[in-house]
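Visitor: Sequence isn't available, so here's the structure alone:
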């Protein structure tokens, strides 16, 4: 937005604040004290002045105003409106009790008297019905007449007079006088009206704002109907050892209240009690205990019961008897016969009435795994009828079957209490007679086991290892141990996992030999076990005859499994016989982490016989393969040959290896090194039984032979060495062969290339396979022309298996089918100059203040091969703050000039070292057209420069040096990449905290990048106020001048300006960008100017021209022609 448009409102606000500042600065005046009321009023007379000056308070009032106030004061006061009613009854609270056929009730009436005269207050109570009320009453309705026993005032406390009551037309009235509140307490009685099966109480009530009733009825569990009623509740109380019902109600708005309830019929005292028994029996069969709990629910009618006599099954011990008000209980149990019932007598402190609950808990120990227990009836003697439910449940380790059912009906378990719905194995029966019975057939639940076995038989030269993974699925009941028959000669090495298995034991001999695995806890569901067995072998090629462990057939429902055969690399097997095993494709065998040789499956064909097999074992002969890693290093004066021969020995150990070495290397002197070498004699030819392997891999049992490269043509070109070791070896074995041949290239500038022959250096003997890799290194002054090769393939250094040959390799070859031949043409060249020190990156950060002070922090990421004295040129007049090397103070020497410094770099011992050079300084009176940076002298090249400059917010950057490229984002990422690239493979890493921007940000950030040394950065800048004013002036002036042009010409000029701006943006994009940011508001002003000019100038001018223009005069008609054809 335009700078003026932003600044103008701010200046207006500041001016307004400064104008208001004096007013704000004045202290707040203290609030004036409230004016005191005048104590005197004076009427004008001759000595008024003296009187007013003598008195402290007073007010002067004109006589006319005083006369008006005096007349107004002599008038009568305004009349006060009388109360709408002389009394008000706020509350009427009734409380009492019923005794026989009378109800004694107390009424507490709160009355507010609003008049000083005598007032009659109707109390609502009536002693007799008037003729009008008798006509309204129905014949069956109670009259509601009451008789007052006493009346007295309770409030106010100082009232000593008795209330005056009178009866007018049968209604009680209170006569009193004087304003105030009175609380009147009246006690009266009312007659109950008895109807068939119903008692009714009714009386009249006053019209009060709040009416409540609290009545005590000497019978329990009464349901009372109240009319009218807003809310009511009943509670059961015991008053004087007698149960009663208390009614509390809020009465509605009416002139009478009526209560009704049904009285209970009194049972005859001489009749016997009637008892109905309901039972709930819960029988729980656990592993070693039978719990038999019975809950009796009695419905007692006519009279109470003081004791209960129960018949319980024999053989069960009563553990508890629970119930309310129990005095004692006794057991009469026949000890000689457990099948006879036992009698339980329960006595109470007081007779039980209505509903009574009794719970009896019994139990019986269960020792036998299989037993039948009769389900004897549980009875309460001397009851009218009995019904009940029997719930039978059992744990998972026990099974219960109900047999011989008599007078028991199977019902749904949903009829049981909700707590028993989810009991394990619950069943429910119902009985309605006393002669029910059944037999509980209780047994022990045996587990059901399914077994899946995965065995791996590993055959080695001296032993057999049998590894088993056993997956059990245990259902119905848990197990604490697992057993299996363990044939001889297997020995148990381990059994796991440790979190499941506690211990294992082996007992017995021969066919009775058993392995018992003890578990840490009872296990049900899936269980995985791992077993490791081992047996010894008499010889490596002895026949293998084995038997698999057999799972315990007890409780075993199904078992199956697989067997895989694993052989040592030097062994091979052939099936001799199989017992309850079937061959299985290897692809269907379960993965055991190793490649099996054979696979078999077995199932429960004959559970009494174990599965097993016999294998014929044969030994494989030794198999030797070799890989030759060769390095040919060509230097001026010599060619160094180095070969690393890596042997791989499989199946059987060997102690002799053979080498084929070019004769030229052998004559020059060959060094052969290796571990545990006993002797290494030179042979003219390999022995007949140890010859070079062919180009293709032959079977290990019948290795083919072929001569090495050149041996067929001229065997004298090669020498052979026999390497004998101290002891046989298996696996990998390395030999290192070194030799050096003289070499002198042609003079520099000569076009004649000198061939360097690379003759095969290979392993020989009985080899199953051989391959070779050749790496060629050279001096920097040598050039290798196109190689001449046969039997080789070009490769890259990354293809070399030996990592030590990769860094120096210039050319690489590989050979997968020896023999081969290679010739390397070599030329000499002039040595190129190399910079000992380079700057991979330069990072310059500067802050330019308004007064022209330039603060600079520059970092150079140097890579040097040797420590040297590095000259550093600083800008003229620079004041140095710090000069660091890798974050520490650098050793500095003064140069021959004032701004020249010599920095001593640390020694690198010939290796490439990475160093960060930092310098901080300040320069006064610097122009943005020339921002200097420090320079590295001494022919030190700089690859890339990252430059950051902080500029004031009050200036616009209009153009920058075109040799730089501006970065709008990503400067930090570029800095991180420069640090990483500059470090390279240097052994001295760059501290990441050193290479970073370190100056405090001030103003706007501008980032630039440049390829090469920093040099100087040139920026064209202009103040924002000046730049904004010029843009406004130019745009408004041009816009005003264009008002003289037509719209078409204006559009042409605007298009021309746009085209010119686009062309200028190719060279000065920042200038056009800043103009576009500022010109929005002035362009709007110009548009408004054009619109105003058109409305008030062009439009009115055209309108006035249209009004002032005279109407066109019609032309005169042409005269008619003359008769003779002549005009007149």
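Guide: That came through, no problem. A quick note: this is a predicted structure, and the numbers were derived from the prediction, not measured.
Visitor: How is this protein partitioned into domains?
Guide: 41-73, 89-261, 274-444, 448-605+613-619, 624-828, 837-1017, 1025-1091 (automatic domain parsing).
Visitor: Can I get those domains in a markdown table including mean neighbour count?
Guide: (C-beta placed from N, C-alpha, C; glycine too.) A markdown table is the format used below for the domains of the chain (neighbours: other Cβ atoms under 10 Å):
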| stretch | mean neighbour count |
| --- | --- |
| domain 41-73 | 10 |
| domain 89-261 | 15 |
| domain 274-444 | 16 |
| domain 448-605+613-619 | 16 |
| domain 624-828 | 17 |
| domain 837-1017 | 17 |
| domain 1025-1091 | 14 |
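Visitor: Mean pLDDT lowest where, among the ones you listed?
Guide: Comparing mean pLDDT over these, the weakest stretch is domain 41-73, at a mean of 62.
Visitor: list the contacts for residue 748?
Guide: 781, 828-830 (Cβ atoms under 8 Å, 6 or more residues apart in numbering).
Visitor: Present the domains of the chain as a markdown table; the columns should include distance to residue 1105.
Guide: What follows is those, written out as a markdown table (distance: least, Cβ to Cβ, whole Å):
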| stretch | distance to residue 1105 |
| --- | --- |
| domain 41-73 | 75 |
| domain 89-261 | 92 |
| domain 274-444 | 105 |
| domain 448-605+613-619 | 104 |
| domain 624-828 | 90 |
| domain 837-1017 | 48 |
| domain 1025-1091 | 16 |
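Visitor: Tell me where the stretch 601-750 of the chain has strands.
Guide: Ranges of strands within the stretch 601-750 of the chain are 612-619, 623-635, 637-662, 671-674, 677-679, 682-683, 718-743, based on DSSP state E, counting those that start in this stretch.
Visitor: Nearest to residue 83, out of these?
Guide: Taking Cβ to Cβ as the criterion, residue 83 comes closest to strand 612-619 out of those, the separation being 120.7 Å.
Visitor: tell me the angle of the closest one relative to strand 637-662?
Guide: With axes from the mean of the first three to the mean of the last three Cα atoms, to 10 degrees defining the directions, strand 612-619 sits at 120 degrees from strand 637-662.
Visitor: Strand 612-619 pairs with which strands?
Guide: In the sheet containing strand 612-619, its partner strands are strand 544-547 (antiparallel), strand 571-579 (antiparallel), by DSSP bridges.
Visitor: helices or strands next to the helix or strand encompassing residue 147 in the packing?
Guide: When secondary structure is defined using DSSP states H and E, the element that contains residue 147 is strand 146-155. On a contact count with 3 or more Cβ pairs under 8 Å, 6 or more residues apart in numbering; DSSP states H and E, strand 146-155 meets strand 102-113, strand 118-126, strand 180-191.
Visitor: Name the surrounding residues that touch the next helix-or-strand element following it.
Guide: The C-terminal neighbour of strand 146-155 among helices and strands, as given by DSSP H and E, is strand 164-168. The contact list for strand 164-168 (Cβ under 8 Å, 6+ apart) reads 123, 127, 148, 151, 172-176.
Visitor: Adding distance to residue 352, write these out as CSV.
Guide: What follows is the contacts of strand 164-168, written out as CSV (distance: Cβ to Cβ, whole Å):
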residue, distance to residue 352
123, 49
127, 49
148, 46
151, 48
172, 50
173, 55
174, 53
175, 59
176, 58
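Visitor: Between those residues, which sits nearest residue 913?
Guide: Proximity to residue 913 was ranked across the contacts of strand 164-168 by Cβ to Cβ; first place goes to residue 123, at 119.4 Å.
Visitor: pretty sure the closest one contacts residue 109?
Guide: Yes. The pair residue 123 / residue 109 is scored as a contact, 6.8 Å apart, by Cβ atoms under 8 Å.
Visitor: hey, where'd the helices end up in the chain?
Guide: 3-25, 48-54, 63-73, 131-136, 663-668, 971-983, 1024-1041, 1047-1065, 1069-1078, 1080-1093, 1099-1108 (DSSP state H).
Visitor: related to what we said a few turns ago, partner strands of the strand holding residue 147 and their direction?
Guide: So strand 146-155, judged by DSSP bridges, has these partners: strand 180-191 (antiparallel).
Visitor: So what angle separates the directions of the strand it pairs with and strand 102-113?
Guide: Using the same axes, to 10 degrees: strand 180-191 against strand 102-113 is 160 degrees.
Visitor: List the contacts of strand 180-191.
Guide: The contact list for strand 180-191, computed with Cβ under 8 Å, 6+ apart, reads 101-113, 123, 125, 144-156, 159, 163, 174, 176, 201-203.
Visitor: was I right about residue 659 contacting residue 739?
Guide: No. The criterion here is Cβ under 8 Å, and residue 659 misses it with residue 739 at 11.9 Å.
Visitor: want to try a markdown table for the strands of the stretch 601-750 of the chain, with distance to residue 507 as columns?
Guide: Output for the strands of the stretch 601-750 of the chain, formatted as a markdown table (distance: least, Cβ to Cβ, whole Å):
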| stretch | distance to residue 507 |
| --- | --- |
| strand 612-619 | 22 |
| strand 623-635 | 46 |
| strand 637-662 | 41 |
| strand 671-674 | 54 |
| strand 677-679 | 53 |
| strand 682-683 | 64 |
| strand 718-743 | 41 |
